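# With the sequence up front, the predicted model follows.
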Amino acid sequence: MQLTLSSYPNSHLQRLRFSPEVQQLSLLYRVARRFTQVLMCSLWKVRVFNRRYEPDSGGVLYLCNHQSFLDPPLVAFALQRPMDFMARDTLFRGHFFKRLIEMFHAFPVKRGAADVGALKEAMRRLKAGRQLVVFPEGTRTEDGRIGPFLPGAALLAQRAARWTVPVVIDGALECWPRSQKLPSLGSIVVQFGQPISQETARKYEAQSFMDMVQQQVTQMQTDVRRRVGLPTFDYSQQ
């Protein structure tokens, strides 16, 4: 069944202050987000669908495919509530960039290792009612295809997040591929899927849950590419 697409936000979140259990928007975050919205929409044709699926309360885990360096702001800039991010620890080495990404609520994670500290910090933030985006492929795609979702994020979905929201980004690879130092112009689509409750997530084994979410994101990508007239990817061999 084709889900109805929309570009309007959750009506319960269209206010200056949210409910007490939800992280509030600081003035600094509001200004930074507005700047990001203006910049990104000036450089690229960005279309965001199904923003209404953003939950209005509780900790929310967003599981998204990873196409480019543009992905973190693409997931967050059209939502009403603030977003937190896991970012690889090497990005925190430079003082200026460290301050910049911390302004957007980023915290470091060690790639290629079981970073218990980062996992605990992610769980703490989700249990405190915050929103967190994770890219469970672990690295950016080479060709636009969505790779396997690693099982680590299932722990966050099953133990800390009240909701898990699948997200697909398509077009960001063409705007900023791994082989390119600077981004170029183009068209990008971001689409959110229906939230999955913690109760539902707990019914699965860790890898089975991540496989299910990956299938949803892959189907969303296929639908997006068909809608804009692009060839779809063949995942039959995965």
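Happy to help now that I have it. Remember, it's a predicted structure, so these values are computed and weren't measured experimentally. Numbers count the residues shown, from 1 in each chain.
# Dump the C-alpha coordinates for the longest helix out of those in the chain into CSV.
With secondary structure taken from DSSP state H, the chain has its longest helix at helix 206-227. Below are the C-alpha coordinates for helix 206-227, written out as CSV (Å, rounded to 0.1, in the frame of the first residue of the first chain):
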residue,chain,number,x,y,z
ALA,A,206,18.7,-7.5,17.3
GLN,A,207,19.7,-8.3,13.7
SER,A,208,16.2,-9.2,12.7
PHE,A,209,15.0,-5.8,13.8
MET,A,210,17.7,-4.0,11.9
ASP,A,211,17.0,-6.2,8.8
MET,A,212,13.3,-5.2,9.0
VAL,A,213,14.2,-1.5,9.3
GLN,A,214,16.7,-1.8,6.4
GLN,A,215,14.0,-3.4,4.2
GLN,A,216,11.6,-0.5,5.0
VAL,A,217,14.3,2.1,4.1
THR,A,218,15.2,0.3,0.9
GLN,A,219,11.5,0.2,-0.1
MET,A,220,11.2,3.9,0.6
GLN,A,221,14.3,4.5,-1.6
THR,A,222,12.8,2.5,-4.4
ASP,A,223,9.5,4.5,-4.1
VAL,A,224,11.4,7.8,-4.1
ARG,A,225,13.4,7.0,-7.2
ARG,A,226,10.4,5.8,-9.1
ARG,A,227,8.5,8.9,-8.2
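# what does the helix or strand of the chain with the lowest mean pLDDT contact?
Sorting the helices and strands of the chain by mean pLDDT, DSSP states H and E puts helix 95-103 at the bottom, at a mean of 81. Contact partners of helix 95-103, identified using CB atoms under 8 Å, 6 or more residues apart in numbering, comprise 28-29, 32, 85, 87, 91-92. In short, each C-beta sits where N, CA and C put it, glycine included.
# Repeat the analysis, applying 7 Å as the threshold.
Here helix 95-103 makes contact (CB atoms under 7 Å, 6 or more residues apart in numbering) with 28, 32, 87, 91-92.
# Going by distance to Gln216, which of those residues wins?
Among the contacts of helix 95-103, Ala87 lies closest to Gln216 (CB to CB), at 24.6 Å.
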